[in-house]
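# Here is my input, please return the structure:
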Amino acid sequence: MITIRNPIHIQTNDEVKSSLDRIQDFLSADAVIPCQPGIKIDDIFLVGPRHNQTITTVLKQLGCPKKENISADTNILAWGVWMPRSSKQLDAPVVQIFRLVAGLGDRPVLISDNQLEPGELIVVTEDCHSFVTLRPYQGEDLPPDIQWFAWVGNRQNLLQEKSTLSVTKTRIAEPLTSSVNPGPVISASSPWLTDSNPNVQFNLTSETPSFQLTPMLPPEEFEALAKAMTLAPWTRRIGDIYSQDSLDIAVWSQTFGCPEIVKTLMQRLQKPEMVEQITRLTGVSVTAQREIFSYRLREGERILNHADGTCNGQLIVRINWLLQVPGSPLRKWDFRFWHPDRPEKPPIVYPSLPNHAVIFLMGKYTPHDITPIPKNSGVRTNIIMTFGHRK
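Presented below is the predicted three-dimensional model:
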């Protein structure tokens, strides 16, 4: 019996039946039948797997009951979700793939998030090592034309052959100018994160939506932090606009083997006063810290031009703090903010310097990219902090 470790993505034509039949033959399934969506966990819907040990453990930890219309005793081989080709791309939900990371105590970590494409069929076997969910792109409900399927049969009859199905990657058009406009860089009189009463301020507005702040930490503490990050349990994450390593640094800081410098930093970043400090720094009223995460770009990678969503106004201010930067002098600029309605206008750029943080308003008016990491130049490591409001 073969084990299909990853979800299968298939681009179908207007008639999904032929693709369903192909998967049925591939799995040696007895039948493919319609089914209900998997259970809803907060704002996401489970696609599959639904009965293997990994998802059973996760659901138990979350206190989620099982509500499928197919009994757990049924011999389910795989689950599927399909979006008709006639559907609107604007309404397409986001496909999120999670994997348990041993270095984080078997905590689920998001490794991929891509918007479902019209005509796309996703198949997740019960032997999949990750689990797949759908998150509505807008609102709380999935589009009504989304269809769900299950393949049933004898699990011992899986074919001893490899799949030839492929995944199509989407690329985003490049802006139209090579000119640049350096953005404002604010130098604090003392490291901002360790200053008990920082007096630096830069009001973020629609006219001035970004700036860069330095330094964030004293040199000795910063060097210790950068070195500690090389020991982290990174997880590979791939999306429509990037491929990078990711780290739930907040969870890592709670594990036994995490370096003390990381634990100390997280205590500082998660203190309640941090929210008030962001409001004083930016002039933007925020009431909650929504995210602390870390990412690493390898040589040859980049992040394409995009605008960060605000989740209906819940996410407002983002800090992108550079810990490690590529050593090549060819990469002068790190962050570039593009003008959404004027692709020919020079972007606002910020230098690729360690212990510098780009701080900006989130939303459609601040599209940005991260410039490519040159070959043989090292990696780019950063910490992301997001502030806003909770429902």
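# What residues of stretch 343-355 count as buried?
By 16 or more other Cβ atoms under 10 Å, the buried positions in stretch 343-355 come out as 346, 347, 348, 349, 350, 351, 352, 354, 355. All C-beta atoms are positioned from the backbone trio N, CA, C, and that covers glycine.
# Is the fourth one in contact with residue 181, as I believe?
Yes - between residue 349 and residue 181 there is a contact under Cβ atoms under 8 Å: 6.8 Å.
# Excluding chain neighbours, give the residue nearest to residue 274 in space.
Nearest residue to residue 274, sequence neighbours excluded (Cβ to Cβ, 6 or more residues apart in numbering): residue 289, at 6.2 Å.
# Go ahead and confirm the one you found touches residue 270.
Yes - the criterion here is Cβ under 8 Å, and residue 289 meets it with residue 270 at 7.0 Å.
# related to what we said a few turns ago, with distance to residue 109, secondary structure and pLDDT as new columns, can the buried residues of stretch 343-355 be given to me in a markdown table?
What follows is these, written out as a markdown table (distance: Cβ to Cβ, whole Å; DSSP: H, G, I helix; E, B strand; the rest coil; pLDDT from 0 to 100):
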| residue | distance to residue 109 | secondary structure | pLDDT |
| --- | --- | --- | --- |
| 346 | 37 | coil | 90 |
| 347 | 32 | coil | 91 |
| 348 | 32 | strand | 94 |
| 349 | 31 | strand | 95 |
| 350 | 28 | strand | 96 |
| 351 | 31 | strand | 93 |
| 352 | 27 | coil | 93 |
| 354 | 25 | coil | 95 |
| 355 | 27 | coil | 97 |
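# Dump those into TSV; add distance to residue 211 as well.
Compiled in TSV, the buried residues of stretch 343-355 are given as follows (distance: Cβ to Cβ, whole Å):
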residue	distance to residue 211
346	17
347	15
348	10
349	12
350	8
351	13
352	16
354	17
355	15
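# rewinding a little: pick out whichever of residue 289 and residue 270 has more residues nearby.
residue 289 (18 against 13; other Cβ atoms under 10 Å).
# pretty sure the more buried one belongs to a helix, no?
No - per DSSP: H, G, I helix; E, B strand; the rest coil, residue 289 lies outside any helix segment and is strand.
# so how far is residue 275 from it?
According to Cβ to Cβ, to the nearest Å, residue 289 stands 6 Å off from residue 275.
# Report the set of residues contacting both of those two.
Listed as contacting both residue 289 and residue 275 by Cβ atoms under 8 Å, 6 or more residues apart in numbering are residue 387.
# pretty sure residue 146 contacts residue 95?
No - look at residue 146 against residue 95 with Cβ under 8 Å: they stay out of range, at 11.4 Å.
# Report the set of residues contacting both of the two.
residue 134.
# The two: which has the busier surroundings?
The neighbour count for residue 146 versus residue 95, taken as other Cβ under 10 Å, is higher for residue 95 (23 against 20).
# who does the more buried one bridge with?
Assessed by DSSP bridges, residue 95 has beta-bridge partners residue 114, residue 134.
# Distance check, it against residue 327.
From residue 95 over to residue 327 (counting by Cβ to Cβ), the distance is 36 Å.
# Please parse this structure into its domains.
Domain assignment for the chain, taken from automatic domain parsing, gives 8-157, 181-388.
# what about residue 274, how many neighbours?
17.
# Per-residue confidence, it, what does it come out as?
For residue 274, the model assigns a pLDDT of 95.
# before we move on, what about the one 3 residues further on?
Listed pLDDT for residue 277 reads 95.
# quick one: it from residue 197, how far?
Distance from residue 277 to residue 197, by Cβ to Cβ: 10 Å.
# Can you show me the helices along the protein?
17-27, 53-62, 219-229, 249-252, 260-269, 273-282 (DSSP state H).
# Which strands or helices does the fourth one pack on?
Under the contact criterion of 3 or more Cβ pairs under 8 Å, 6 or more residues apart in numbering; DSSP states H and E, helix 249-252 touches helix 260-269, strand 288-297.
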